[in-house]
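[1] model the following, please.
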Amino acid sequence: MTIAAHDVDHWQQRISALLDGRLDDEARRQLDAALRDDPAVRAAYFAMMMLHCGMRRSAIAAAPTTTAADATPAGWTVGRWAVCAAAACVMLGVLAAISVVSQRDAAPARSGDAAGAVPHVAILSDLSDDARFDASAGAMNLGSELTIGPIRLAAGHAQVMFTSAAVVDLTGPCEFEMTGPNRARLISGRIDAYVRPEARGFAVDLPGGAKAIDLGTRFSAQTLPAGECQVRVTEGRVMLEITGGSSAYTLRPDFIATLAADGSLRSLRTDFTYVNATAGPGGNTVNIADGLTTTWSNDNANAGASRINTDRLWGSSPLEQGFDAMPNAMVWESSSYTEDAPAIRTTVNGLDDGTYEVFLLWASNTTQPAAAWPLRARLPGSNVYKTFAANGDIIETNKIGLHLCRAPLGKVTGRSLSVEVDDVPHVARARYLGFAYRRVFEPSTGLSEDRIQTPIRSSAKSVTDVPSLEKND
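    Numbering: from 1, shown residues only. Okay, here's the model as predicted:
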């Protein structure tokens, strides 16, 4: 569809109504279709959006002694200005129509150009109520055109929309520098980037000289203590170039790369996968002594709580109140004052051949000393159990005060992972939930791009009743 001369006024009226917050749902759907199908409508939309931005800034500049609210042009309200900025964020397809203009604007000024004119490369498309910038930044308002240079966000959140259609969220404190229409540099803090296909190739230079090149995706980058930097991919792919261009790695979803202060690759791993220990036929947990699917106690079936504890069995039932990381967790409970439950083994098969870090998961109570709920665990092949009580990381606390605890057991290489668990004699109770794992890659082993092109399915979300994990194709 191509916009006709007699339709210009029609679409301009629709766009104006959208920016003013007056467009009804049906008219919005019609405009959405036109924006999607017609480059001329997209160009008209962007031109009007920038006109509104210019009117806003001009009005504020013309009234330096008034408050921001008093300086709002006639017909404008703060709410309408927010609608303008939100529309700019939602309809990023508009920017694809002006990418050529953006590149032209970024070129050196030609003879006859306005003296001192500095091309903009982005706009400030969103701000949190508590956003606060460094005093040297000058006025920073929604819709402000941003030129090449740094942004220093002292607190809160801000969003930058590049003319290429790349969107970057900043979390304060953060120092971030725009170096071109489709390129930036992270100096410190955290950013989250969303890059549409038309902005493919959006690059972020990282501390130490490494570079993250987006291939159409979502990713985050964050500086860490001691000068390190971490890049995490949540969707799509990112090409990570190591300092000096000596090597590059393609990262897919759930990969986390940690870079040293000199830009070298320190570690590469996937995010955590949480595995629930499950009982009964088809379960992933068996008695170590006979290798048979473990039997659990019916007299402990009241939400995992130990009521009658003389049967020398684990009580297994849904956790009283789930955790976000393990919403469908089963709790395995033994009361070792009066019984000694059998040692059990939980296994996951069918992983990609590789090296994995394995972590024990258990529950402890906030109202009792953590040492009152200890648990023993080990990796197969070890002759020694390690006792876990208060020596783990608390991942989260649920509504009834139970902690989800996680502690490392060691590394395993292969396609299968197992954890062996036993209760501790003469204690109040033990509460076992399962285990977590993440795949790790060692740079020193000659890590190649091919090795990380096909990661395991890993999501830091619960994997419930799944004895094996499939490969991402």
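
[2] C-alpha from now on. contacts and neighbour counts both.
    Noted.

[3] quick check: end-to-end length of stretch 212-229?
    Stretch 212-229 has an end-to-end distance of 11 Å (C-alpha to C-alpha, to the nearest Å).

[4] do the same with stretch 232-244
    Start-to-end, stretch 232-244 (C-alpha to C-alpha) is 21 Å.

[5] show me the helices in the protein, by range?
    Secondary structure of the chain, counting by DSSP state H: helices at 8-19, 25-37, 39-62, 78-90, 93-96, 99-105.

[6] which elements pack onto the second one?
    Spelled out, it's helix 25-37. Where contact means 3 or more C-alpha pairs under 8 Å, 6 or more residues apart in numbering; DSSP states H and E, helix 25-37 is packed against helix 8-19, helix 39-62, helix 93-96.

[7] same question, the first one
    Here helix 8-19 is seen to pack against helix 25-37, helix 39-62, helix 78-90 when contacts are counted using 3+ C-alpha pairs under 8 Å, 6+ apart.

[8] let's see 7 Å
    helix 78-90 (3 or more C-alpha pairs under 7 Å, 6 or more residues apart in numbering; DSSP states H and E).

[9] what mean pLDDT does the helix it packs on get?
    The predicted model assigns helix 78-90 a mean pLDDT of 38.

[10] do the same with stretch 17-25
    Confidence for stretch 17-25, expressed as mean pLDDT, is 76.

[11] for it, measure first residue to last.
    In terms of C-alpha to C-alpha, the two terminal residues of stretch 17-25 are separated by 12 Å.

[12] would you list every one of the strands in the stretch 251-400 of the chain?
    255-259, 265-270, 273-276, 285-287, 296-297, 314-318, 330-334, 344-348, 354-365, 375-378, 386-388, 393-397 (DSSP state E, counting those that start in this stretch).

[13] of all the ones you listed, which lies closest to Tyr437?
    Ranking the strands of the stretch 251-400 of the chain by proximity to Tyr437 (C-alpha to C-alpha) places strand 354-365 first, at 4.5 Å.

[14] any idea how far Tyr432 is from the nearest residue to Thr387 once chain neighbours are set aside?
    Leaving out its chain neighbours, the residue that sits closest to Thr387 by C-alpha to C-alpha, 6 or more residues apart in numbering is Arg376, at 4.4 Å. According to C-alpha to C-alpha, Arg376 and Tyr432 sit 10 Å apart.

[15] which of the two has more neighbours?
    The residue with more neighbours, out of Arg376 and Tyr432, is Tyr432; 29 against 19, by other C-alpha atoms under 10 Å.

[16] distance of the nearest residue to Ile394 once chain neighbours are set aside from Thr270?
    Nearest non-adjacent residue to Ile394, counting by C-alpha to C-alpha, 6+ apart: Cys405, 4.6 Å away. As judged by C-alpha to C-alpha, Cys405 and Thr270 stand 20 Å apart.

[17] between the two, who's got more neighbours?
    Between Cys405 and Thr270, Thr270 has the larger neighbour count (other C-alpha under 10 Å), namely 27 against 23.

[18] show me what contacts the closest residue to that one other than its chain neighbours?
    Once flanking residues are discounted, Thr270 sits nearest to Phe255: 4.4 Å by C-alpha to C-alpha, 6+ apart. Phe255 makes contact with 232-233, 269-271 under the criterion C-alpha atoms under 7 Å, 6 or more residues apart in numbering.

[19] measure Phe255 to Val168 for me?
    19 Å.

[20] low pLDDT regions in the stretch 351-473 of the chain?
    366-372, 426-428, 442-473 (pLDDT under 70).

[21] thanks again, I'm all set now.
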